[in-house]
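Asker: build me a structure from this.
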Amino acid sequence: MHPNDSVNSTLLESLLAGAYFHNVNLSCVFKDAGLDPDTLQKNDRLQLDHVGPLLRSLWMEMGDEASGFLTKPLKLGVFSMMCHALITSGNLRRGLLRSARFIELLSDDLSLELKETGDEAHFIIHYRNPHNLDTTFFVTSLFVIWIRLSCWLIDQPIMLERIQFEFPKPAYSDEFSLMFPCRHSFSQSSNRVVFNNRLLSIPIKQDSETLSTFLHNAPESLLTQFRSDHSSTAQIKRLLLHRNGMRTEIENMNFEHVSSELNMTTHTLRRRLKDEGNSFQEIKDSIRRDRAMMLLDNPSLALHDISIKLGFSEPAAFNRAFKKWTGLTPGLFRETSR
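Answerer: Numbers count the residues shown, from 1 in each chain. Predicted coordinates:
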């Protein structure tokens, strides 16, 4: 079973944590989804095509679209109601803010927050975990749903800069590279995903007609799409991250080389990136920013040495670039991150 088309069974066990807490008859849940009740015990992985029906069956059995993770259930149809509100929001910024207000009205345990710092947008999930459950799947799935929903609303992929989770790094952490093609960190003070805030101004391009089709195919459409991001942006980022992991300076990789690696002409790749609202330089900058933050976490490294490692001609150039990226100087970022 190929990892791109399946999900780790241990991760899915986390999906059922709320059901276990509420003593739900999971045998019926699996049977209604067309699955053997012992599927997760018998297999290391579950086909992605089966995850959507399992999730829907669980919602129907519990009458709760939050799968038992909140004190008050989210009644069936809540997600649909929220989506109807979002398509009239105008742009992604107002859509995300409206979704945050929507959730605030429904739950005391879950809240969403959108922050803008420098060029970055931070979408933050606050979860109180009232039942002290394993939240790995719940928090991960919330990010998957909101990211994919946002991509659908503006009809283009969103290039993630980084994502962080409050829960510890799981044994199956490789799964997260498939779900979120960006830098990941665990055991952090908050659950948040970061992307370029210029995407927030993109108009919402969906209407009631396209929403009807979208809802008919959910949650399968949301869960399958996050496994199949074949956008040129994602392909370039994966390639550069791989080279960066091999200690190859990404600054030495020019556009022509990357085009050749992806078996495209420079004209085709440049056009595809333009259609996706990104540029090659922006992708490289996002990786340099992530690496800069990682290096700044090491107090033994001087700012001058970090600027050299990142390929800047002088510390002042690094200082200007980092402040443009994050709204903070490298020194101030290091102080506030302690």
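
Asker: might one say that residue 22 is in contact with residue 66?
Answerer: No - the pair residue 22 / residue 66 is not scored as a contact, 11.2 Å apart, by CB atoms under 8 Å. For every residue, glycine as well, the C-beta is placed using N, CA and C.

Asker: of these two, give the one with the bigger neighbour count.
Answerer: residue 66 (22 against 14; other CB atoms under 10 Å).

Asker: tally of neighbours for the residue lying closest to that one once chain neighbours are set aside?
Answerer: Take residue 66 and drop its neighbours on the chain: the residue closest to it by CB to CB, 6 or more residues apart in numbering is residue 74, 4.3 Å away. Around residue 74 there are 21 other residues, counting by other CB under 10 Å.

Asker: so, low pLDDT: which residues of the stretch 101-250 of the chain?
Answerer: Low-confidence segments of the stretch 101-250 of the chain, defined by pLDDT under 70: 223-230, 243-250.

Asker: tell me which stretches of it form strands.
Answerer: 110-117, 120-127, 160-164, 183-185, 191-196 (DSSP state E, counting those that start in this stretch).

Asker: next, format these as JSON lines and append distance to residue 270.
Answerer: As requested, those are exported to JSON lines (distance: least, CB to CB, whole Å):
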{"stretch": "strand 110-117", "distance to residue 270": "28"}
{"stretch": "strand 120-127", "distance to residue 270": "25"}
{"stretch": "strand 160-164", "distance to residue 270": "22"}
{"stretch": "strand 183-185", "distance to residue 270": "25"}
{"stretch": "strand 191-196", "distance to residue 270": "18"}
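
Asker: these two touch, right, residue 45 and residue 6?
Answerer: Yes - using CB under 8 Å, residue 45 is in contact with residue 6, at 4.0 Å.

Asker: and the helix or strand containing residue 307, what's buried?
Answerer: Element membership of residue 307, judged by DSSP states H and E, is helix 303-309. By neighbour count on 16 or more other CB atoms under 10 Å, the buried set for helix 303-309 is 303, 306-307.

Asker: mind putting these into CSV with pLDDT and distance to residue 240?
Answerer: Output for those, formatted as CSV (pLDDT from 0 to 100; distance: CB to CB, whole Å):
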residue, pLDDT, distance to residue 240
303, 90, 24
306, 89, 19
307, 87, 19
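
Asker: out of those residues, which one sits closest to residue 327?
Answerer: residue 303 (17.2 Å; CB to CB).

Asker: wait, isn't that closest one in contact with residue 317?
Answerer: No - Residue 303 is beyond contact range of residue 317, at 11.9 Å (criterion: CB under 8 Å).

Asker: per-residue pLDDT, residue 319?
Answerer: Looking at residue 319, its pLDDT stands at 90.

Asker: how about it, phi and psi?
Answerer: As for residue 319, its main-chain torsions (degrees, to the nearest 10) stand at phi -60, psi -50.

Asker: can you pull the contacts of it?
Answerer: 303, 307, 329-330 (CB atoms under 8 Å, 6 or more residues apart in numbering).

Asker: again with residue 162
Answerer: Residue 162 neighbours (CB under 8 Å, 6+ apart): 182-185, 193-194, 290, 293.

Asker: could you dump those to TSV with neighbour count?
Answerer: Shown next, in TSV, are the contacts of residue 162 (neighbours: other CB atoms under 10 Å):
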residue	neighbour count
182	22
183	20
184	17
185	14
193	22
194	23
290	19
293	20
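
Asker: of all pairs in those residues, which one is the farthest apart?
Answerer: Pairwise over the contacts of residue 162, using CB to CB, the maximum falls at 193 and 293, 14.6 Å.

Asker: now residue 222: how far from residue 32?
Answerer: Per CB to CB, to the nearest Å, residue 222 is found 20 Å from residue 32.

Asker: what of residue 277?
Answerer: 41 Å.
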